[in-house]
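Fold the following, please.
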Amino acid sequence: MGKPVILTVDDDPEVLHAIERDLKRHYKERFRVLRAGSGRATLDLLRRLQQRNEAVALLLVDYRMPQMTGVETLREAIKLYPRAKRALLTAYADTDAAIKAINDVQLNHYLLKPWAPPEQQLFPVLDDLLNDWYTGYHPPFEGIRVVGTRWSSKSYDIRSFLARNHVPYQWLDADVANRDEEIERAVKSLPAEGLKLPVVLFPDGDWIAEPQTQELAEKLGLRTRADLEFYDLAIVGGGPAGLAAAVYGASEGLKTVMIEREAPGGQAGCSSRIENYLGFPSGIAGGDLTRRAVAQARRFGVEIVSPQEATALRVDGPYRYLRLNDGTELSCHAMLLATGVQWRKLDLPGMDRLQGAGVYYGSTASDAPASRDEDVFIIGGGNSAGQAAMAFSQCARRVVMLVRGNSLCDTMSQYLIGQIKTTPNIRVEHHTRVVEVHGDDRLESVSVSDISGNVNRVPANSLFVFIGAEPLTAWLDGDIQRDERGFILTGSDLLRSGKRPKSWPLERNPSLFETSVPGVFAVGDVRYGSVKRVASGVGEGSVAVQFIHQYLSKV
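Numbers count the residues shown, from 1 in each chain. All right, here's what the predicted structure looks like:
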């Protein structure tokens, strides 16, 4: 990252050289020292720095200059860099003018010539100014930038993908380019004709318009294909249960690969704050917990392949084969299914049309800042809905939770209920349900029905859905026994009147977490009867590895 700039200005070349020499000697480790010989040259240089999105920390300007005085120079300079600290170099005879400039150009300080010795007369003053500037300094962003429009579903998908994969990015809303110079410059740097937003800009100068997830992942350097054809353990799903199994399996010597369809962390990775997870008394954001778990898994040699989706499972003797959506196939001795669940979709008028344009299933940490001073509606009364409500309440004008039941007590942890009750801009409406959403290119309002059947249409900027849980198991049809809702049966739940399934080929009963196919296990939310909590998923993933070891010892 480029260093912030200190710019010194003087029309006397000898004085300019001297001040530049002293500034570089003292500040070269933290700042880049530049110089200009006139007011006009100063403004030209500042415009070029602005175009390159470089930061200017200090303007040290001589008071007496022809054509443009130091005060006149600063008056124009602050239009370009209003946060830069401003100091004048003056002769003793000009102190009255320097004092007047404190009001004229919000001068921070003036210094008398000569400034020798600088250790006493110059650096202490400038140190204070620069330290003060640093307290509000936000380095110019030098990473990935996304140019799009807020109500574009494609823009939302890209932002969500980057956020869930912990890829830092800067969002540039093209709809406000006429009010933001940085966004305007980014938009103007793109081809004027035939370009479709969103566009992802990379630090190396490349850009991709409307990228597919796979294309974006490969450009980011994410691993999208498995390195090997065979593994001791293949894990499908990268939520808390899958990550825990990966850490314990790899740490105990199993060659382990984890396949994740979107991004590691699952729904837990999107949680704004998990406050009842053991060992974090102040709570921890789901993204932070995921980041730590991923780092731990990689430390033990887990190969994480994402985004990639499993599409079929087959068995051939001691080998279990997993087919992926890119057509490749990998094999393993043991397989763990930890695919989790997804939010149940609402079959209501307008929902499909406005998805990604004001209507969203689940949320990420990056959604809350976009809702500043707006009305946000949340459907659902579980922990995920409560955590989202608390996150949105920090930015939104009002958060309305629409809950079908008459209480949150049966579906939400007590600590969250207490927080919601004491948050003034969160309102919980019981016995309510959304019956329709309205809007042309974006969500504009929702129709809400109450317990009496009365329907009210109310304005809404965003609607986030956190209801139901549907397991991601359709790809296992015919291979793994599941219940009527699609949750995977394991262990004793496979027994009927104490008898094993007819398809079960072994003389022993299925072990804990083992499915109807020997050597294939299931843990976490996708498993029938599981407790839908982060800690329980981590526990199941950890314990399952012990049964996997028992199975592998007899393969």
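
quick one, strands of the stretch 301-450 of the chain?
Counting by DSSP state E, counting those that start in this stretch, the stretch 301-450 of the chain has strands at residues 303-305, 310-316, 319-324, 329-337, 341-342, 359-361, 375-379, 398-403, 426-430, 433-438, 445-449.

quick one: which of these is nearest residue 199?
strand 359-361 (21.8 Å; Cβ to Cβ). Bear in mind the C-beta positions are built from the backbone N, C-alpha and C, glycine included.

who's in contact with that closest one?
156, 342-343, 345, 350-351, 355, 367, 437, 443, 462-465 (Cβ atoms under 8 Å, 6 or more residues apart in numbering).

I'd like the average pLDDT over it.
For strand 359-361, the mean per-residue pLDDT is 94.

Then stretch 39-55?
The model assigns stretch 39-55 a mean pLDDT of 83.

Stretch 409-417 now?
Mean predicted confidence for stretch 409-417 is 91.

how far does it stretch from start to finish?
8 Å (Cα to Cα, to the nearest Å).

Would you mind pulling the contact partners of it?
Stretch 409-417 is contacted by residues 275, 276, 381, 382, 383, 385, 386, 387, 390, 405, 408 when judged by Cβ under 8 Å, 6+ apart.

now those residues: which count as buried?
275, 381, 382, 383, 385, 386, 387, 390, 408 (16 or more other Cβ atoms under 10 Å).

Lowest-confidence one in the residues you listed?
residue 275 (84).

Wait, that residue touches residue 283, no?
Yes - with contact defined as Cβ atoms under 8 Å, residue 275 reaches residue 283; the gap is 3.7 Å.

check contacts around residue 177.
So residue 177 contacts 183, 184, 186, 187 (Cβ under 8 Å, 6+ apart).

and the third one, how many neighbours?
Spelled out, it's residue 186. 21 (other Cβ atoms under 10 Å).

what's the helix or strand for it?
Assigned by DSSP states H and E, residue 186 falls within helix 181-188.

what about the very next helix or strand once past that helix, average pLDDT?
Where DSSP H and E defines the elements, the next helix or strand beyond helix 181-188 is strand 199-201. The pLDDT scores in strand 199-201 average 90.

Packing partners of strand 199-201?
strand 144-148, strand 207-209 (3 or more Cβ pairs under 8 Å, 6 or more residues apart in numbering; DSSP states H and E).

Output those as JSON lines; include the columns distance to residue 89 and mean neighbour count.
Shown next, in JSON lines, are these (distance: least, Cβ to Cβ, whole Å; neighbours: other Cβ atoms under 10 Å):
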{"stretch": "strand 144-148", "distance to residue 89": "38", "mean neighbour count": "21"}
{"stretch": "strand 207-209", "distance to residue 89": "44", "mean neighbour count": "16"}
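
could I get those as TSV with distance to residue 64 and mean pLDDT?
Shown next, in TSV, are these (distance: least, Cβ to Cβ, whole Å; pLDDT from 0 to 100):
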stretch	distance to residue 64	mean pLDDT
strand 144-148	43	90
strand 207-209	48	88
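
Export those as CSV, with columns for distance to residue 167.
Output for the helices and strands packed on strand 199-201, formatted as CSV (distance: least, Cβ to Cβ, whole Å):
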stretch, distance to residue 167
strand 144-148, 6
strand 207-209, 14
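
Which of those strands sits closest to residue 447?
Of these, nearest to residue 447 by Cβ to Cβ is strand 144-148, at 28.8 Å.

Any idea which helix or strand in the protein has the lowest mean pLDDT?
In the chain, no helix or strand scores lower on mean pLDDT, DSSP states H and E than helix 95-104, which sits at a mean of 71.

Please determine how far the residue nearest the centre of the chain is located from residue 272.
Centroid-nearest residue in the chain: residue 163, 2.5 Å away (criterion: Cα atoms, centre = their mean). From residue 163 across to residue 272, the span is 12 Å (Cβ to Cβ, to the nearest Å).

Contacts for stretch 316-325 next, please.
Contacts of stretch 316-325 (Cβ under 8 Å, 6+ apart): 226, 230, 234, 236, 259, 308-315, 329-335, 517, 519-520, 555.

Looking at the buried ones among the contacts of stretch 409-417, which are in helices?
383, 385, 386, 387, 390 (DSSP state H).

And the strands in the stretch 1-150 of the chain, which stretches?
5-9, 32-36, 56-62, 85-90, 109-112, 144-148.

Name the spans of the stretch 151-300 of the chain whose pLDDT lies under the cut-off.
185, 189, 192, 205 (pLDDT under 70).

how about the strands in it?
Under DSSP E, counting those that start in this stretch, the stretch 151-300 of the chain gives strands at 169-173, 199-201, 207-209, 230-236, 256-259.

Would you format the ones you listed as a markdown table with distance to residue 375 included?
Shown next, in a markdown table, are the strands of the stretch 151-300 of the chain (distance: least, Cβ to Cβ, whole Å):
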| stretch | distance to residue 375 |
| --- | --- |
| strand 169-173 | 19 |
| strand 199-201 | 30 |
| strand 207-209 | 33 |
| strand 230-236 | 39 |
| strand 256-259 | 39 |
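
Just name the most buried of the ones you listed.
When those are scored by mean count of other Cβ atoms under 10 Å, the highest mean neighbour count falls to strand 256-259 (a mean of 27).

what residues does that strand touch?
In contact with strand 256-259 (Cβ under 8 Å, 6+ apart) are residues 226, 228, 231-238, 242-243, 246, 249-250, 264, 297, 301-306, 308-310, 322, 324, 330, 332.

Now restrict the residues you listed to buried residues only.
The buried subset of the contacts of strand 256-259 - by 16+ other Cβ under 10 Å - is 226, 231-238, 242-243, 246, 249-250, 264, 297, 302-306, 308-310, 322, 324, 330, 332.

What's the PyMOL syntax to select whichever of the contacts of residue 177 are buried?
Only the buried entries of the contacts of residue 177 go into this PyMOL selection, using 16+ other Cβ under 10 Å:
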select buried, resi 183+186+187
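
is it possible to export the contacts of residue 177 to JSON lines including distance to residue 500?
Formatted as JSON lines, the contacts of residue 177 follow (distance: Cβ to Cβ, whole Å):
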{"residue": "183", "distance to residue 500": "63"}
{"residue": "184", "distance to residue 500": "68"}
{"residue": "186", "distance to residue 500": "62"}
{"residue": "187", "distance to residue 500": "64"}
